[in-house]
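Asker: One predicted model, sequence on top.
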Amino acid sequence: MKRHNTHDYKGLGFGISAFTLFAFMPLYVQLLAPLSGYTLLNQRILWSSLILIVGLSLWGKLKFYLRPMLNKKAWPGLLAGSVLVGLQWGLFVWAPLNQKTLDLSLGYFLMPLVMVFIGKVFLGETLRPLQWLAIIIAGFGVFMAFWHADGLSWVVVLIVIGYPLYLILRRIQVLPTVSAFLIENLILLPFAILGILLFGGMEGQALSHPFDYSFSWLGLFLGLAVLGSVPMLCFIAANQRLPMSTLGLISYLEPALIFVVAYLFLGESVPPNEMMTYGPIIIGLGILAVDGMRLGIKRKRVNNKTSHK
């Protein structure tokens, strides 16, 4: 497993882009409200696959990015990756429909701390003092979320174990970012098409074919696929470039921005107990930003001194 550089600004850019775009997904999904979360998941897989196939075909790179499928030794990792990421995508839409939203939120609050723990203990990564301070403050917010959730459920456990396992797998099985995302979608595609045919209608009824919708709905599905694909590609790319602990820390950007989107754009109220969760996390993100700026200024000074010698 290659060593990842915490100063990789491309990786940081990919990570910040991924978590920022992920945070705006709930806002876009409001446009698709009549459909169930399960249907949206299947449509996302279908249209992401189509966009990738058409785009890569026009670019002349489809065969190149599908090449790992020809390697029999790669298939266990590809299948495992598809199962792990498919479970996470499915859980993301199942939980709100089954009164498990609080468990889902707690899982995504705990996941970054688990990623930092894995990076520190198992991957030998180091943290700077301000990063430790950010962890402690954000950890207090997570503790408050845990306190109000009244313990751990299987939903929380599946998130905090499943996503880190997926990220570790993607580090061990070195694949181009596009290959990993494309092949995982293609493996899930038959199940997505079956789900759309059986339950994809407005009232959960069967459809005659996967595209049995009006043009306006097909356009919205296309937008959903783009909004789902771009951040996922950025996420995989960031995972390939950054230490696990750094990726875990900046992933707190997603719940913090979801909080802002829900409050400013979706008109949701903010109970005092949730402020005790989001407040420390936002402060922790501010500390990480300060730490990043300090590091950037320090490196710039070193580079200037080196160039003048």
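Answerer: Received the coordinates, thanks. If you're wondering where the values come from, they're calculated on a predicted model, not measured in any experiment.
Asker: thought residue 115 was touching residue 250?
Answerer: No. When contacts are counted by Cβ atoms under 8 Å, residue 115 is not listed as touching residue 250 (10.2 Å). Where you see a C-beta, it was placed from the backbone N, CA and C, and this is true even at glycine.
Asker: In the stretch 51-200 of the chain, where is pLDDT below threshold?
Answerer: 96-97, 99, 102, 149-151 (pLDDT under 70).
Asker: buried sites along stretch 244-261?
Answerer: Under the neighbour-count criterion of 16 or more other Cβ atoms under 10 Å, stretch 244-261 has 244-259, 261 buried.
Asker: by contact count, what packs against the one helix or strand residue 115 maps to?
Answerer: Assigned by DSSP states H and E, residue 115 belongs to helix 101-121. Under the contact criterion of 3 or more Cβ pairs under 8 Å, 6 or more residues apart in numbering; DSSP states H and E, helix 101-121 touches helix 75-97, helix 129-149, helix 154-172, helix 244-250, helix 253-264.
Asker: which residues sit in contact with residue 175?
Answerer: With contact taken as Cβ atoms under 8 Å, 6 or more residues apart in numbering, residue 175 is in contact with 68, 74, 183.
Asker: next one: residue 156
Answerer: Neighbours of residue 156 in contact, by Cβ under 8 Å, 6+ apart: 103, 106, 107, 110, 149.
Asker: any idea how far the first one lies from residue 154?
Answerer: When you say that, I think you mean residue 103. Noted for residue 103: a distance of 8 Å to residue 154, by Cβ to Cβ, to the nearest Å.
Asker: more crowded one of those two?
Answerer: Between residue 103 and residue 154, residue 103 has the larger neighbour count (other Cβ atoms under 10 Å), namely 21 against 9.
Asker: ok, back up a step: angle of the helix holding residue 115 against helix 75-97?
Answerer: 140 degrees (axes from the mean of the first three to the mean of the last three Cα atoms, to 10 degrees).
Asker: Now helix 101-121 - C-alpha only, PDB.
Answerer: This file holds the C-alpha atoms of helix 101-121, laid out as PDB (Å, rounded to 0.1, in the frame of the first residue of the first chain):
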ATOM      1  CA  THR A 101     -32.500   9.100  10.100                       C
ATOM      2  CA  LEU A 102     -31.000   9.800  13.500                       C
ATOM      3  CA  ASP A 103     -29.000   6.500  13.400                       C
ATOM      4  CA  LEU A 104     -27.900   7.400   9.800                       C
ATOM      5  CA  SER A 105     -26.700  10.800  11.000                       C
ATOM      6  CA  LEU A 106     -24.800   9.300  14.000                       C
ATOM      7  CA  GLY A 107     -23.100   6.900  11.700                       C
ATOM      8  CA  TYR A 108     -21.800   9.700   9.400                       C
ATOM      9  CA  PHE A 109     -20.700  11.600  12.500                       C
ATOM     10  CA  LEU A 110     -18.800   8.600  13.900                       C
ATOM     11  CA  MET A 111     -17.200   7.500  10.600                       C
ATOM     12  CA  PRO A 112     -14.600  10.300  10.300                       C
ATOM     13  CA  LEU A 113     -13.300   9.400  13.800                       C
ATOM     14  CA  VAL A 114     -13.100   5.700  12.900                       C
ATOM     15  CA  MET A 115     -11.200   6.700   9.700                       C
ATOM     16  CA  VAL A 116      -8.700   8.800  11.800                       C
ATOM     17  CA  PHE A 117      -8.300   5.900  14.300                       C
ATOM     18  CA  ILE A 118      -7.600   3.400  11.400                       C
ATOM     19  CA  GLY A 119      -5.100   5.800   9.900                       C
ATOM     20  CA  LYS A 120      -3.300   6.400  13.100                       C
ATOM     21  CA  VAL A 121      -3.300   2.800  14.500                       C
END
